[in-house]
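Undergrad: next one to model:
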Amino acid sequence: MSRNLAAVDHVELALAKLPAYLQKQRWQELVTAIAEEIQEADDAIVAVVAQLHLDDATDAMLDRAGAFVGQPRAGMDDDAYRLRIKGRIAVLRSLGLVEDLNRLARLLLVDDGYTIAVSPEPPAGLTLVIGGTVGTPAATARALADAAQASVSGGVRTRLESSTEPDADTFRLAAGVGSSPYIALFDLTGGDFSTTVVLSAYGEASNDQATLSVVADAGAPDDGEWAAGFPDFVFHFKDNVTTIADFEAAITAGQSAYLTFSASVSGGTLQDGSSSFSNVPFAGATDATSDAERLGLAGSPPTLDLTPLLAAGSGYDGTIGYRAFGAEHNGLYTLAFVEDAGAPNSGTLDETDPTAIVFTFKGGTTTTAHFHLAIAASEYLFIDHAPTVGVVTFAATDDEFAATAFAGATGDGGVLADVLE
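TA: Have a look, this model is predicted:
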């Protein structure tokens, strides 16, 4: 026989039974104090009855406990079923408050090594984050996610963030500060020119793979200009005219796909002699020292080199990446370019099937700039290598291809947290 273990508000019930002539503050306070004592005793009794011997129950005894709270076994083994019963008990006793979610999590996560945090997600949502020195088994996470959703009011969305690995072993960037090759320009120019230029490549293996030259040139524009890019960057400046700010702005405008910088603490101009140098290598990067498969952007994403496929003869050399890391993803995703006279001028990127993405373009009208805008809004794709040529218009004959696979990724990738809804 099943019993109704739904939460009962004894204070509300008691106040509702007060006759009209006793509906005064003094009597209401007295009744509330008595009812709160009853509430506390009732909560404790129901919890004991519902959980009596639950941790030790197996087989038919566990089935009886499940029937008691209205939780069917549905083919689950004893361990999984016990978790579901505990979750059901917490749901029945929940009033949808934050403390109820904390109690629910503590009921299912019996190890003291877990940390539990509940944060609101306006306008109507909650996120339950589980971490700590132990990982959360997948079955436990699923049971907790389902119970959390059932314990809140209708229309409130819950999310559970967890990982099967302890916090210390989950995904993080490798090596911390200095993990990218860089050049500290103070060492080269002296004075207050403290800009540090960073090459967008991680790990010691990238040291010395690119150089930067800053060269005085009387014919250069006042704000300077790039004469060459990756891998050997060359910046020409006009002596005592081009400023440090001009140099930093030129990085943002012309080499941001490869270079970033920490700004100089002072202004001033570049001067021939103190500021002109050539072919200085980027260096200083460090690799992760342990657990390499979990540190940094492990491996690399599958990519698709568009050089042999798009805008034949134009020199277009963009490379598109897929937001999945590790060699196990090679060949699982494809990108097609399909000409359609009825397509919008800017083309469309169809990601209905994330394993088979299609960009439809209007021949002679849609440009690579349109394609890049579509990639910027994509949930799955990103520009891994920006093209070095200007805007190119797609031509139907040269630029149409279908179902070309992303590949080239290496390594296993990092361990990312699981998010259940």
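
Undergrad: list the contacts of the closest residue to Ala407 other than its chain neighbours.
TA: Using CB to CB, 6 or more residues apart in numbering and skipping the chain neighbours, the partner closest in space to Ala407 is Asn330 (4.4 Å). To be clear about C-beta, it is placed using only N, CA and C from the backbone, and glycine gets the same treatment. By CB atoms under 8 Å, 6 or more residues apart in numbering, the contact list for Asn330 reads 302, 405-409.

Undergrad: please repeat the previous calculation with a cut-off of 10 Å.
TA: Neighbour list for Asn330: 302-303, 322, 324, 405-410 [criterion: CB atoms under 10 Å, 6 or more residues apart in numbering].

Undergrad: quick check: phi and psi on Phe235?
TA: Here is the backbone geometry of Phe235 (degrees, to the nearest 10): phi -110, psi 120.

Undergrad: lowest-confidence helix or strand of this structure?
TA: When the helices and strands of the chain are compared on mean pLDDT, DSSP states H and E, strand 418-420 comes out lowest with a mean of 52.

Undergrad: who are the packing partners of the helix or strand that contains Leu144?
TA: Element membership for Leu144 (DSSP states H and E) is helix 138-151. If you count contacts as 3 or more CB pairs under 10 Å, 6 or more residues apart in numbering; DSSP states H and E, helix 138-151 packs onto helix 78-92, helix 98-108, strand 114-120, strand 125-132, strand 157-162, strand 418-420.

Undergrad: quick one, phi psi at Ala65?
TA: Backbone geometry at Ala65, expressed as degrees, to the nearest 10, gives phi -60, psi -40.

Undergrad: can you tell me how far it is from Asp79?
TA: Distance, Ala65 to Asp79, using CB to CB, to the nearest Å: 14 Å.

Undergrad: compare the two and say which is more crowded by neighbours.
TA: Using other CB atoms under 10 Å, the more surrounded residue of Ala65 and Asp79 is Ala65, with 22 against 12.

Undergrad: can you tell me how far the more buried one sits from Arg84?
TA: Separation of Ala65 from Arg84 (CB to CB) stands at 11 Å.

Undergrad: what does Asp232 give?
TA: 62 Å.

Undergrad: what about these two, which has more around it?
TA: Arg84 (22 against 13).

Undergrad: returning to what we had before: between Ala65 and Arg84, what contacts are shared?
TA: Gln71.

Undergrad: residues touching Leu335, list them.
TA: Neighbours of Leu335 in contact, by CB under 10 Å, 6+ apart: 304, 306, 309, 320, 322, 349, 356-359, 380-381, 401-406.

Undergrad: now with 6 Å?
TA: When contacts are counted by CB atoms under 6 Å, 6 or more residues apart in numbering, Leu335 touches 304, 357, 404.

Undergrad: circling back: and the helices and strands packed on helix 138-151 as JSON lines, adding distance to Ala218?
TA: Formatted as JSON lines, the helices and strands packed on helix 138-151 follow (distance: least, CB to CB, whole Å):
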{"stretch": "helix 78-92", "distance to Ala218": "76"}
{"stretch": "helix 98-108", "distance to Ala218": "68"}
{"stretch": "strand 114-120", "distance to Ala218": "59"}
{"stretch": "strand 125-132", "distance to Ala218": "60"}
{"stretch": "strand 157-162", "distance to Ala218": "59"}
{"stretch": "strand 418-420", "distance to Ala218": "58"}
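
Undergrad: the closest residue to Leu160 other than its chain neighbours: neighbour count?
TA: Once flanking residues are discounted, Leu160 sits nearest to Ala145: 4.1 Å by CB to CB, 6+ apart. When counting by other CB under 10 Å, one arrives at 22 neighbours for Ala145.

Undergrad: how close does Ala145 sit to Tyr81?
TA: For Ala145, the distance to Tyr81 (CB to CB) stands at 17 Å.

Undergrad: and Ile357, by the same measure?
TA: Taking CB to CB, one finds Ile357 at 41 Å from Tyr81.

Undergrad: closest to Gly219 out of the contacts of Leu335?
TA: Leu304 (40.2 Å; CB to CB).

Undergrad: same question for stretch 209-228, mean pLDDT?
TA: Across stretch 209-228, the average pLDDT comes to 91.

Undergrad: first vs last residue of that stretch, how far apart are they?
TA: 15 Å (CA to CA, to the nearest Å).

Undergrad: got it, and stretch 216-232?
TA: Start-to-end span of stretch 216-232 (CA to CA) is 17 Å.

Undergrad: for that stretch, what is the distance to the chain centroid?
TA: 38 Å (CA atoms, centre = their mean, to the nearest Å).
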